[in-house]
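**Q** Sequence and predicted structure are below.
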Amino acid sequence: GAAGLIMSGCTGLDKIQTGIETYQDTKTLLEGSSDHHTVIVAGYGTPVKGNTTYQDYIKQVATYVNNKDNTVDSVVFTGGYTDDKNLSEAESMNSYFNSQVNTADLQQRGVQVYKEECAIVSWQNISYSQELLTAQGLTPTQVTLFGDINRSDKLKTFAIYKFNLAAGLPDDVTDLVNRSVNAASVDYQGFDFGDAADSADERDAKFAAEVLGAYDENIGNELLGKRLDEWTKTYGYDVAKNLVNKGCSQYKGFWPPFINPHT
């Protein structure tokens, strides 16, 4: 039994190794083609002004985008209507970002700035940003994510999957590479929000469930339902209904309030 396990383990590792090599080769092949570098900035609530931690987060984004060596082509601020029913996380971040950059200079450089105002969980931040860029006819070859340092590995992995393969979960890395069209490379700029309310294990468990929700609609809907319910109680207004009113029709099924059939 043990020998069998070792054998199959090796094959799996070899496959992943070949996959990574193929991925790098494909990337090199494509590097001459029209490169597009996008920066995706995930929201964590709206109160940017007056919140020094959040201001530092957006300042870090501004410094990165301002640096011409980073050759940024587009920026997507992503985050829906959460703690403030009339101000999205995306708008809140975008307006503070504008106070930290020379917008005319960015326009002259051709840097496009977008707002994605429907995402309320991490995998939506990436999925919806990717879909927004696709709708604009943009296919990034380089993706830089800004987000909570505690989520870096999982968000990065999901972004590699989402930006290289818009549909269908790959069996292994080789499969992902063989079926990917533009081999986008993904980099992560982690920011420490100093939020140690959850232990690392609790954070990992929550995040694993969130990412699983991206692949499994039932799990995804259950998680969204819980999140919307929690926020409705915390913020004192119907979050799902408000999101639908703001044009995020994907939340229609959660209003009237989501009822979990399993409880």
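**A** Nice, thanks for sending it over.

**Q** where exactly do the helices run in the stretch 101-250 of the chain?
**A** With DSSP state H, counting those that start in this stretch, the ranges of helices along the stretch 101-250 of the chain come out as 103-109, 122-135, 152-164, 173-179, 200-215, 217-235, 239-245.

**Q** same question for the longest one, mean pLDDT?
**A** Yep, that's helix 217-235 we're talking about. Averaging pLDDT along helix 217-235 yields 87.

**Q** That one to helix 122-135, inter-axis angle?
**A** Orientation check (axes from the mean of the first three to the mean of the last three Cα atoms, to 10 degrees): helix 217-235 against helix 122-135 gives 110 degrees.

**Q** And for stretch 62-75, what's in contact with it?
**A** The list of residues contacting stretch 62-75 from outside it, by Cβ atoms under 8 Å, 6 or more residues apart in numbering, reads 35-41, 61, 97, 100-102, 106, 109-114, 133, 138, 140, 144, 146, 189. Just so you know, the C-beta spots here come from the backbone N, C-alpha and C atoms, and that holds for glycine as well.

**Q** what kind of secondary structure is L87 in?
**A** Of the three states, L87 takes coil under DSSP: H, G, I helix; E, B strand; the rest coil.

**Q** What score does it have for pLDDT?
**A** 93.

**Q** can you check the one 4 residues further on too?
**A** Here, the pLDDT recorded for E91 equals 95.

**Q** Does it touch K115 like I think?
**A** Yes: here E91 reaches K115: they are 6.1 Å apart, a contact under Cβ atoms under 8 Å.

**Q** re the thing from before, export the helices of the stretch 101-250 of the chain to a markdown table and append columns for mean neighbour count.
**A** What follows is these, written out as a markdown table (neighbours: other Cβ atoms under 10 Å):
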| stretch | mean neighbour count |
| --- | --- |
| helix 103-109 | 12 |
| helix 122-135 | 21 |
| helix 152-164 | 20 |
| helix 173-179 | 17 |
| helix 200-215 | 15 |
| helix 217-235 | 16 |
| helix 239-245 | 21 |
